[in-house]
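Student: sharing a model that was predicted from the sequence below.
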Amino acid sequence: MAQNKRETLVMKFGGTSVGTPEAIRFGLEIVRQAQKDWKHVVVVSSAFSQVTDALYQSAVQASRGNLTVFEQTYQMLKKRHFLAVEELINEDSLKLQTLSTVTELLTLFSSLVQAISVLGEASPRALDTVVSMGERLAVTVLAAAFSDAGIKTQAVDASQIIVTDNQFQNAAPLFDLTQAKVQIGLLPLLEAGFIPVVTGFLGATEEGIRTTLGRGGSDYSAAILGVVLEAGEVWIWTDVNGVMTADPRLARDAETIPVLSYREVSELAYFGAKVLHPKTIRPVVEAGIPLRVLNTFDRTKPGTLIQEQLSEKEIEISSNSTIIKAVTAIKGVQLITVEGRGMLGVPGVAARIFSAVATTGATVPLITEASSEQSLCFAVPVEMAACVIDVLEKTLADEIYRRNIDRVWASEEVVIVTAVCPHMRHKLGVAGKVFSALADHEVNVLAIAHGSSEVSISLVVATQDLETTIKALHGLTR
Ligand code: ASP
Ligand code: MG
């Protein structure tokens, strides 16, 4: 794909950025501007806001014999997509044609949900086909609106170009096969001067069965296409001014972070910041493609640029001014502690513990071990805690019987607060300042993990201390 190297811009519009005719009008302006600056532009679109949730619920409730949610959803989809067509498309034949495609998709949605209700079962595979409707409807309307405004464009169903494995509802892309499909399905459009408007979130297996990339997966779609097309940049259009120093609901003075390294943003995404889908970051990092997060509703703001390395100047500016670059939190976890004097120096205990935890499917966002080797502690989501304890008690039954392990227990519900401190490696006293700030605010820290990536410190605190902790640490961002 060398002929297009770095000349392509991939832009993804999130649900709120396409959720109303007014938002789509902003999108139109954004695309017009991008066309002036880039040789090729590819648009990736989410479903209209809240549509994916409603589609899921329709299918799940139908499998239990309840069609009420489906009926409401059907009406909501019809109303919103028809309204957008009415408001955005002037040309009569294009309007009719678009309404007829929307109606076809709605009919298909209806048949699928009826089938699910008859079968009484919504398999992951069936769910993927149902939820794909949201993005398919969105690109139909979007592409028509762009066309009506004189932009040469075409709607593209990503099931034709993004090939995935068959892990329904959380599929992973197969890059080589995707590359081959993009060569046939997307490049000729770009070469002919079209702006493809591609469904986010979706793919298909090699056999052509629809899959989805996991909730929030449209960012991922944009990243995948960015990598395959060797794009110059990938832009994520959303409804906030980029990545913030903290959740503005918890710290009112939160600000946009102008530049972040891939590393820093990965820590943020992993530790709960909702701006970017965590999986998005990896492929673009590997390809060295800069990523921007921008606000559809406030285009005068520069947003956040995410890139491989910060420049010398950026490092200097931020290291002089700040201790912490951003603070984020994961709520709803419990700490599981395995303790016992007999764990001292026994090889393989940790390995057995985590192999056992892995069988439950629980994610483990944080691990710490006392240097005495007499206790090991890690976090799991609240809903997994009972199951994890159960599995551990079985796996470690021998050690427990011999009293090498005294107990396995779960804490109350707690939160993990992560501070991204990019200069920790070069600067003395970062951790000291973090803990002084917490002490000043009388926050009791239950556990600590210092990321081996050396860009973050994670602290576990009681749920009721969340806000105070965020405030205390956010004070160190300036
Ligand atoms: N529409 C999908 C979802 O809500 C994908 C996305 O918006 O990124 O999860
Ligand atoms: Mg999203």
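Tutor: Good, I have the coordinates. Ligands and ions are numbered 1, 2, ... in the order given.
Student: CA atoms for contacts and neighbours, from now on please.
Tutor: Noted.
Student: so which elements touch the helix or strand containing T101?
Tutor: In this assignment (DSSP states H and E), T101 forms part of helix 92-119. Counting contacts by 3 or more CA pairs under 8 Å, 6 or more residues apart in numbering; DSSP states H and E, helix 92-119 is packed against helix 51-63, helix 68-88, helix 124-148.
Student: I'd like to know which of those helices is closest to K394.
Tutor: K394 lies closest, by CA to CA, to one member of the helices and strands packed on helix 92-119: helix 124-148, at 30.7 Å.
Student: rounded mean pLDDT for the helix or strand containing I330, please.
Tutor: Following DSSP H and E, one finds I330 within strand 326-339. Strand 326-339 carries an average pLDDT of 93.
Student: stretch 443-450 too?
Tutor: On average, stretch 443-450 scores 88.
Student: export it to CSV, keeping only CA atoms.
Tutor: The C-alpha trace of stretch 443-450 is given here as CSV (Å, rounded to 0.1, in the frame of the first residue of the first chain):
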residue,chain,number,x,y,z
VAL,A,443,-6.2,9.3,53.0
ASN,A,444,-5.3,5.9,54.2
VAL,A,445,-3.5,3.8,51.5
LEU,A,446,-4.4,0.1,51.6
ALA,A,447,-1.9,-1.1,49.0
ILE,A,448,0.6,0.3,46.5
ALA,A,449,1.9,-0.9,43.2
HIS,A,450,4.6,1.0,41.3
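Student: against T178, how distant is A204?
Tutor: 10 Å (CA to CA, to the nearest Å).
Student: sorry, back to before: can you add mean neighbour count, distance to K471 and mean pLDDT and give the helices and strands packed on helix 92-119 back as TSV?
Tutor: Shown next, in TSV, are the helices and strands packed on helix 92-119 (neighbours: other CA atoms under 10 Å; distance: least, CA to CA, whole Å; pLDDT from 0 to 100):
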stretch	mean neighbour count	distance to K471	mean pLDDT
helix 51-63	22	32	97
helix 68-88	17	40	98
helix 124-148	24	38	98
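Student: any chance of these in JSON lines, with distance to ligand 1 too?
Tutor: Shown next, in JSON lines, are those (distance: least, CA to the nearest ligand atom, whole Å):
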{"stretch": "helix 51-63", "distance to ligand 1": "5"}
{"stretch": "helix 68-88", "distance to ligand 1": "14"}
{"stretch": "helix 124-148", "distance to ligand 1": "7"}
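Student: about what we covered before: which one of A204 and T178 has more residues nearby?
Tutor: When A204 and T178 are compared for neighbours, A204 comes out ahead with 27 against 23, by other CA atoms under 10 Å.
Student: least confident secondary structure element in the chain?
Tutor: In the chain, no helix or strand scores lower on mean pLDDT, DSSP states H and E than helix 312-321, which sits at a mean of 62.
Student: returning to that earlier point: joint contacts of A204 and T178?
Tutor: Common neighbours of A204 and T178, using CA atoms under 8 Å, 6 or more residues apart in numbering, are 162-163.
Student: for Q309, give me the pLDDT.
Tutor: At Q309, the pLDDT value in this model is 71.
Student: can you check the pLDDT for the spatially most central residue of the chain?
Tutor: Nearest to the mean C-alpha position of the chain, by CA atoms, centre = their mean, lies H277 at 1.7 Å. As predicted, H277 sits at a pLDDT of 73.
Student: mind checking how far it is from R249?
Tutor: 20 Å.
Student: ok, now which ones touch the closest residue to P422 other than its chain neighbours?
Tutor: Spatial nearest neighbour of P422, chain neighbours left out: V455 (4.6 Å); criterion: CA to CA, 6 or more residues apart in numbering. Contacts of V455 were listed using CA under 8 Å, 6+ apart, and they are 263-264, 267, 420-425.
Student: how about Q334, what does it touch?
Tutor: For Q334, the contact set (CA under 8 Å, 6+ apart) comprises 379-382, 385, 410-415.
Student: beta-bridge partners for it, please?
Tutor: For Q334, the beta-bridge partners are V380, E413 (DSSP bridges).
Student: give me the distance between it and G340.
Tutor: Q334 is 20 Å from G340, where distance means CA to CA.
Student: per-residue confidence at T153?
Tutor: Here the pLDDT value assigned to T153 is 97.
Student: now the residue nearest to H450 when sequence neighbours are not counted, what's its secondary structure?
Tutor: Leaving aside its sequence neighbours, H450 sits nearest to I457 (CA to CA, 6+ apart; 4.5 Å). Secondary structure, DSSP: H, G, I helix; E, B strand; the rest coil: I457 is strand.
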